[in-house]
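>>> Provided below for reference: sequence and predicted model.
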Amino acid sequence: SLQILNLSKNSKDQKLLFGDEGARHLGNVLKSNGSLLSLEMEENFIGHAGVKALAAGLQVNHTLTHLNLAENLLDDAAAKYLADALKINRALENLKMFGNRINNLGAEALADALKVNSTLKEIDLYRNEISYLGALGFADALKINNALQCINLWNNNIGDKGAECLAQALNGNNSLMKLFLYGNSISDAGAGAFASPLTQNHRLIELWLAGNSIGEKGAAQISEALTQNHTLKVLVIHNNKLGQGGAKYFGELLKVNQTLVKLYIGFNNLRAVGAEYIAEGLAENTGLIELNIGANQIGPVGAEYIGDALIQNCTLSILNLWDNGIGDSGADCVANALRANTGLRDLYLNSNDIAEMGTEAISNALRDNETLTRLNFAGNNCGACVDELASALKVNAALRDLNMSGNAIGPEGAAWFADSLPEFKGLEKLLLCSCEIEETGCASLAEVLPLNSKLRELHISFQFEDDNEFGSNVCKEILQGFAETKTCRVFHEPVIGDYFRV
């Protein structure tokens, strides 16, 4: 019997191919179906009339556990129909309604339903129109509900008052594990409201506060609370206003908290001084697995601090330093750390103004490093000087994924990779999008791919000189060479695109 049905995006050119009428039919099906577990109906122009029929089906359905109604036309009336169904339904566990038009009235209706519902575990209301009153409704529900594990209110507008209500609700709640409040106009007051609950709550493991206006004061309160918290594992607070002062508090936190495994603190104007604070904490930390400190203008000096910390820390697995302007000297510091570090698996150095000397330093480090499996080097300035890097791939057996997109390596750089490709020790995925490799570079790669035994994916982008892609013998040879490659999938990506942002 059918258990998973995906009907998402069944509309074309704004013409309704599914809409309310299709939803009505499915609502009738749900009344008698006893096997369907998951129903995907994203982006189908379904409004409250269609949802009314679906909700009627949900009231008598005993099997469906996952329902996706994202990116439709759901309003407060539609939310009320679903809320009525949730008061009766005892099977649904995951309800996605992101990207709709649900306002406070709809949110309050859903919150009231959660006071009696005991099975729903996740509700996703990302990118709706919910403000303080809607958040207050969910806060009241959390004081009663002990089943819900995840609330996603990303990109609404609950503000400080809404954040304060939800924070206070954590005091008596024993089920919520993930709370997403990204982009909700929360400042220090709202962030600080989480301080006291975090010292008492023993259930929440993920807190997303990114994209708000949290400054040094909020950072101080949250970090102080986390010195006493032994449950929270993921804190996402990037794109705020922490500054160097906020970095100091989080650096001190890392010295004593060994529970946090992921810290995203990018886009916070930390600069070199802030990087030093974080590095000092990282050097003593043994719990953190992933650190994102990207887009903080830490420069080469900040990279040196982080590099020194990596020599001492061997538990960090993922480090994101993208868009920090570390340059060649900063890359050299990171390269020195790679020779000693045995814990790092993923390293993001994209968009860092790294040129020939920095590329050579990283390349030489890869000859010694035996643990790094992914390197994102996209959007730098290495040019065609990738001979050392290509050569290192004949020695390094650990690296599996290399992203060089957005580096103008040209045909010469492509030829260096082609020369080394048959002898790659471990590399399985290579991205060369927007690298200006042209027909000549593509021909070099196409020629050696049949000799390859390791590479499984090659991503390239290029434009043929002839308007007709099949208009020249060279073009035909390139395409034929790629087509005949049995061991490696070749993806021809668009030439214009942003390949170097994470």
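Yep, it's here.

>>> any idea how far Pro450 is from Cys442?
For Pro450, the distance to Cys442 equals 14 Å [C-beta to C-beta, to the nearest Å]. C-beta here means a position set from N, CA and C on the backbone, and glycine is covered the same way.

>>> what of Glu216?
Counting by C-beta to C-beta, the gap from Glu216 to Cys442 is 51 Å.

>>> neighbour count winner among those two?
With neighbours defined as other C-beta atoms under 10 Å, Glu216 and Cys442 compare such that Cys442 has more, 27 against 17.

>>> thought the more buried one was touching Ala414?
Yes: the pair Cys442 / Ala414 is scored as a contact, 7.2 Å apart, by C-beta atoms under 8 Å.

>>> which residues touch Arg456?
Contacts for Arg456 (C-beta atoms under 8 Å, 6 or more residues apart in numbering) come out as Glu428, Lys429, Thr487, Cys488, Arg489.

>>> now the element after the helix or strand of the chain with the lowest mean pLDDT, going C-ward?
Least confident element among the helices and strands of the chain, by mean pLDDT, DSSP states H and E: helix 473-483 (a mean of 64). Per DSSP states H and E, the first helix or strand lying C-terminal to helix 473-483 is strand 489-492.

>>> contacts for that following strand?
Contacts for strand 489-492 (C-beta under 8 Å, 6+ apart): Leu449, Arg456, Glu457, Leu458, His459, Ile460, Ser461, Phe462, Phe482.

>>> what residues are up against the first one?
Which is Leu449. Leu449 makes contact with Leu421, Leu455, Leu458, Gly481, Phe482, Thr485, Thr487, Cys488, Val490, according to C-beta under 8 Å, 6+ apart.

>>> let's see 6 Å
For Leu449, the contacting residues are Thr485, Cys488, by C-beta atoms under 6 Å, 6 or more residues apart in numbering.

>>> then the last one?
Contacts were defined as C-beta under 6 Å, 6+ apart; by that measure Phe482 touches Ala446, Val490.

>>> of all pairs in the contacts of strand 489-492, which one is the farthest apart?
Arg456 and Phe462 (20.4 Å; C-beta to C-beta).

>>> from Glu71, how far out is Ala79?
In terms of C-beta to C-beta, Ala79 sits 15 Å off from Glu71.

>>> over to Leu291?
33 Å.

>>> tell me which of those two has more neighbours.
Shown here are Leu291 and Glu71; by other C-beta under 10 Å, Leu291 has more neighbours (26 against 20).

>>> what kind of secondary structure is the more buried one in?
Following DSSP: H, G, I helix; E, B strand; the rest coil, the label given to Leu291 is strand.

>>> now the strands for the stretch 101-250 of the chain?
122-124, 150-152, 178-180, 206-208, 234-236 (DSSP state E, counting those that start in this stretch).

>>> circling back to that earlier point, so which of the contacts of strand 489-492 are in strands?
Residues of the contacts of strand 489-492 located in strands (DSSP state E): Glu457, Leu458, His459, Ile460.

>>> scan the residues you listed and report the most crowded one.
Ile460 (24 neighbours).

>>> can you pull the contacts of the closest residue to Tyr182 other than its chain neighbours?
Of all residues not flanking Tyr182 in the chain, Trp154 sits nearest, at 4.3 Å (C-beta to C-beta, 6 or more residues apart in numbering). When contacts are counted by C-beta under 6 Å, 6+ apart, Trp154 touches Tyr126, Phe180, Tyr182.

>>> go again using 8 Å as the cut-off
Here Trp154 is in contact with Phe98, Tyr126, Arg127, Phe180, Leu181, Tyr182, Gly183, Asn184, Trp208 (C-beta under 8 Å, 6+ apart).

>>> so what's the second one scoring on pLDDT?
This means Tyr126. What the model reports as pLDDT for Tyr126 is 98.

>>> then the fifth one?
Confidence at Leu181, expressed as pLDDT, is 98.

>>> before we move on, the earlier item: now which of the contacts of Arg456 would you call buried?
Among these, those classed as buried by 16 or more other C-beta atoms under 10 Å are Lys429, Cys488.

>>> identify the farthest-apart pair in the contacts of Arg456.
Pairwise over those, using C-beta to C-beta, the maximum falls at Lys429 and Thr487, 12.9 Å.

>>> overlap of the contact sets of the two?
What both Lys429 and Thr487 touch, as defined by C-beta under 8 Å, 6+ apart, is the set Leu455, Arg456.

>>> count of neighbours near the closest residue to Ala408 other than its chain neighbours?
Closest residue to Ala408 apart from its sequence neighbours, by C-beta to C-beta, 6+ apart: Glu436 at 4.8 Å. Neighbour count for Glu436, taken as other C-beta under 10 Å: 20.

>>> what's the answer for the one 5 residues further on, then?
By the criterion of other C-beta under 10 Å, Gly441 has 25 neighbours.

>>> what does Thr231 give?
13.

>>> ok, Arg101 next?
Other residues close to Arg101 by other C-beta under 10 Å number 17.

>>> that one: what's it in contact with?
Leu73, Leu74, Asp75, Asn128, Glu129.

>>> return the distance of the residue lying closest to the third one once chain neighbours are set aside relative to Leu347.
Across the structure, with C-beta to C-beta, 6+ apart as the measure, the residue nearest Asp75 apart from its sequence neighbours is Arg101 (4.8 Å). As judged by C-beta to C-beta, Arg101 and Leu347 stand 42 Å apart.

>>> same thing with Met404?
From Met404 to Leu347 the distance is 14 Å (C-beta to C-beta).

>>> which of these two has more neighbours?
Met404 (30 against 24).

>>> quick one: contacts for the more buried one?
Phe377, Ala378, Cys382, Val386, Leu430, Leu431, Leu432, Cys435.

>>> neighbours of the second one, just the number please.
What it means is Ala378. Neighbour number of Ala378 under other C-beta under 10 Å is 27.

>>> same question, Asp368
Residues near Asp368, counting by other C-beta under 10 Å: 13.

>>> pretty sure it sits against Ala337.
No: taking contacts as C-beta under 8 Å, Asp368 lies outside contact range of Ala337: 11.4 Å.

>>> phi, psi of Asn364?
Dihedral angles of Asn364 (phi, psi; degrees, to the nearest 10) stand at phi -70, psi -40.

>>> show the pLDDT at it.
The model's pLDDT for Asn364 equals 97.

>>> same deal with Ala446?
Ala446 is given a pLDDT of 88.

>>> for it, helix, strand, or coil?
Per three-state DSSP, Ala446 ends up helix.

>>> same for the helix or strand where Ala85 lies, what does it pack against?
Counting by DSSP H and E, the element that carries Ala85 is helix 76-86. Packing partners of helix 76-86 (3 or more C-beta pairs under 8 Å, 6 or more residues apart in numbering; DSSP states H and E): helix 48-60, helix 104-114.

>>> helix, strand or coil for Gly281?
helix.

>>> which non-adjacent residue is nearest Pro300?
The nearest residue in space to Pro300 (C-beta to C-beta, 6+ apart) is Gly330, at 3.7 Å.

>>> and what of Thr231?
His202 (5.1 Å).

>>> ok, that neighbour to Gly287 distance?
17 Å.

>>> for Ala331, what are its contacts?
Ala303, Leu349, Asn352, Ile354, Met357, Gly358, Thr359, Ala361, Ile362.

>>> so how far is Leu431 from the second one?
Leu349 sits 14 Å away from Leu431, taking C-beta to C-beta as the criterion.

>>> the two: which is more packed in?
Shown here are Leu349 and Leu431; by other C-beta under 10 Å, Leu349 has more neighbours (28 against 24).

>>> so the more buried one sits against Gly379, correct?
No: in this structure Leu349 lies outside contact range of Gly379 using C-beta under 8 Å: 9.5 Å.
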